[in-house]
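Novice: just coords:
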């Protein structure tokens, strides 16, 4: 079988692989890059508009990013880190918009980000959260209110028909955004396809991979099968990135690298209620998050979202969590069973033992009827009519299971990069905040796997041109933050 030599092979045609490809192409246009996607086009799984939360996670409204510690004190560090990471994504996209690579109007829109809570206890939490966050330059524009007139202005649809017996409060950031990561991915890949050193293989799957000596260094041999024809071809790649969402874990396990030992996956499905009444859609222009139900995973924090899907405004509520054994929306029901290995069985047992309440919660969600889901929506929209909403399936999320000596294994709800010691292979596991911090995540991959080249003046200059704040902290440098934020808000049309 003929073998094709390439420098970089990216598994998965989503936002992560597209972002890594664009970064590598900018840093070294001579690199031979190949992207492999098993569906008929890119961005049809987790990056698709309906499958992805689409918020442009920035920590503005997601209350789970500011948890309370055992002393009852609100911790804001994670919100600061996520916000700064999202600013890195905005800078990268802004530069590509200026260069004509991207069209901002097709993938990002200004949609204010709000948090809304009910009751004295949660209102006190939100007010304290606002005070802590607003004191930092990253969140200086955040507003807080308990006034009915202000809340009516911010979220008129949610205030309609609401009895004011229960205290209600909200925070708002006017320059929040809605990001269509499917549209963004397709724009990035469309540009890459015009470059001579980039190849996209659709309807193709990596059926086998193993580490080999490649051009006097460690590399990978991959067998790629074209699904319609069944024909296969061998590729030798100096570097492999597994960015296939839930499909990354099986390939990471197959790689045999020691760093993958103990990792497993906990699949969680999602569902949305989608509004089909145009009059209601026009009355709500915001992303409004609230507190998660007791026992719910972070990805199930309820929110009422204005979304742009296929160029049209949409109104979504959810997501409703559910249990699944598939690792991809179009995956196999045997994905979970196949992921159980001798080297991760202890981690899996530990998670099962210490997360029984979560499993019960997910099973309860699975068996909800339409009216039960509507009851959850009516907390947000008291006048919600069941006829105006229909159920749709969101994407799959595979949460990380990893070793933990205290409990054998633990369940993580963030994103994590697993890379081989020699830097020849990296995989991205996990979910939220995911796509929103894709640029920062892929910069981390480059630092771990291309560390020597990352320090060269040529690569440093290229990264600085693409991301003006590269190498500096937006958390600590308020002057730099002000400069780059003004530029990105203007370039991406996000300024209020």
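Specialist: Nice, thanks for sending it over. This structure is a prediction, so every number in the text was calculated from the model and none was measured.
Novice: Now do the contacts for the spatially most central residue of the chain.
Specialist: By C-alpha atoms, centre = their mean, the chain has its centre lying nearest to residue 434, at 2.4 Å. Residue 434 makes contacts with 46, 52, 53, 57, 415, as judged by C-beta atoms under 8 Å, 6 or more residues apart in numbering. Every C-beta, even on glycine, is put in place using the N, C-alpha and C of the backbone.
Novice: so residue 74 makes contact with residue 129?
Specialist: Yes: contact criterion C-beta atoms under 8 Å: residue 74 and residue 129 qualify, at 5.4 Å.
Novice: Settle it for me: which of these two has more neighbours?
Specialist: More crowded of residue 74 and residue 129, by other C-beta atoms under 10 Å: residue 129, with 23 against 17.
Novice: Show residues contacting the helix or strand containing that one.
Specialist: In the assignment (DSSP states H and E), residue 129 maps to helix 120-134. Helix 120-134 has contacts (C-beta under 8 Å, 6+ apart) with 59, 63, 66, 68, 74, 76, 79, 115, 117, 139-140, 142, 144, 146, 167-171, 291.
Novice: any idea of the mean pLDDT for it?
Specialist: Averaging pLDDT along helix 120-134 yields 96.
Novice: So in that sheet, which strands flank the helix or strand just after it, and in what orientation?
Specialist: Using DSSP H and E, the helix or strand that directly follows helix 120-134 along the chain is strand 143-145. Sheet neighbours of strand 143-145, with direction, are listed as strand 168-173 (antiparallel) (DSSP bridges).
Novice: Could you tell me the angle between the strand it pairs with and helix 120-134?
Specialist: With axes from the mean of the first three to the mean of the last three C-alpha atoms, to 10 degrees applied, the angle from strand 168-173 to helix 120-134 works out at 20 degrees.
Novice: what separates strand 168-173 from the chain centre, distance-wise?
Specialist: 24 Å (C-alpha atoms, centre = their mean, to the nearest Å).
Novice: could you point out which element follows it?
Specialist: Remark: after strand 168-173, the chain's next helix or strand is strand 177-179, criterion DSSP H and E.
Novice: Okay, buried residues for the next helix or strand along the chain from that next one please.
Specialist: Using DSSP H and E, the helix or strand that follows strand 177-179 towards the C-terminus is helix 181-192. Going by neighbour count (16 or more other C-beta atoms under 10 Å), the buried part of helix 181-192 is 181, 182, 183, 184, 185, 186, 187, 188, 189, 191, 192.
Novice: would you list every one of the helices in the stretch 1-150 of the chain?
Specialist: 15-27, 77-98, 120-134, 148-154 (DSSP state H, counting those that start in this stretch).
Novice: ok now do residue 285, which residues does it touch?
Specialist: 111, 112, 306.
Novice: returning to what we had before: from the contacts of residue 434, which land in strands?
Specialist: residue 415 (DSSP state E).
Novice: out of the contacts of residue 434, who's nearest residue 458?
Specialist: Closest approach between the contacts of residue 434 and residue 458, by C-beta to C-beta: residue 415, at 28.9 Å.
Novice: give me the beta-bridge partners of the closest one?
Specialist: Note on residue 415: beta-bridge partners by DSSP bridges are residue 430.
Novice: Verify the stated contact: it with residue 438.
Specialist: No: the criterion here is C-beta under 8 Å, and residue 415 misses it with residue 438 at 9.5 Å.
Novice: Compare neighbour counts for these two and give me the winner.
Specialist: Neighbour count, other C-beta under 10 Å: between residue 415 and residue 438, residue 438 has more, with 31 against 20.
Novice: Skip the chain neighbours and tell me the closest residue to the more buried one.
Specialist: Nearest non-adjacent residue to residue 438, counting by C-beta to C-beta, 6 or more residues apart in numbering: residue 19, 4.5 Å away.
Novice: Around that neighbour, how many other residues sit close by?
Specialist: The number of residues packed around residue 19, counting by other C-beta under 10 Å, is 26.
Novice: so who does it touch?
Specialist: 92, 188, 438, 439, 441, 442.
Novice: Pull the number of nearby residues for residue 302.
Specialist: Neighbour tally, residue 302, other C-beta under 10 Å: 19.
Novice: For the residue nearest to it when sequence neighbours are not counted, give me its contacts.
Specialist: Take residue 302 and drop its neighbours on the chain: the residue closest to it by C-beta to C-beta, 6+ apart is residue 290, 5.5 Å away. The contact partners of residue 290, taken as C-beta under 8 Å, 6+ apart, are 63, 115, 116, 117, 118, 301, 302, 303, 379, 380.
Novice: Which of those scores worst on pLDDT?
Specialist: residue 301 (80).
Novice: can you tell me which residues contact it?
Specialist: The contact partners of residue 301, taken as C-beta under 8 Å, 6+ apart, are 62, 63, 64, 289, 290, 291, 292.
Novice: Ok, residue 108 next?
Specialist: Residue 108 touches 56, 93, 177, 178, 179, 180, 184, 492, 493, 494, counting by C-beta under 8 Å, 6+ apart.
Novice: Neighbours of the nearest residue to the fifth one once chain neighbours are set aside, how many?
Specialist: Which is residue 179. Using C-beta to C-beta, 6+ apart and skipping residues adjacent in sequence, the residue nearest residue 179 is residue 56, 4.2 Å away. Using other C-beta under 10 Å, residue 56 has 25 neighbouring residues.
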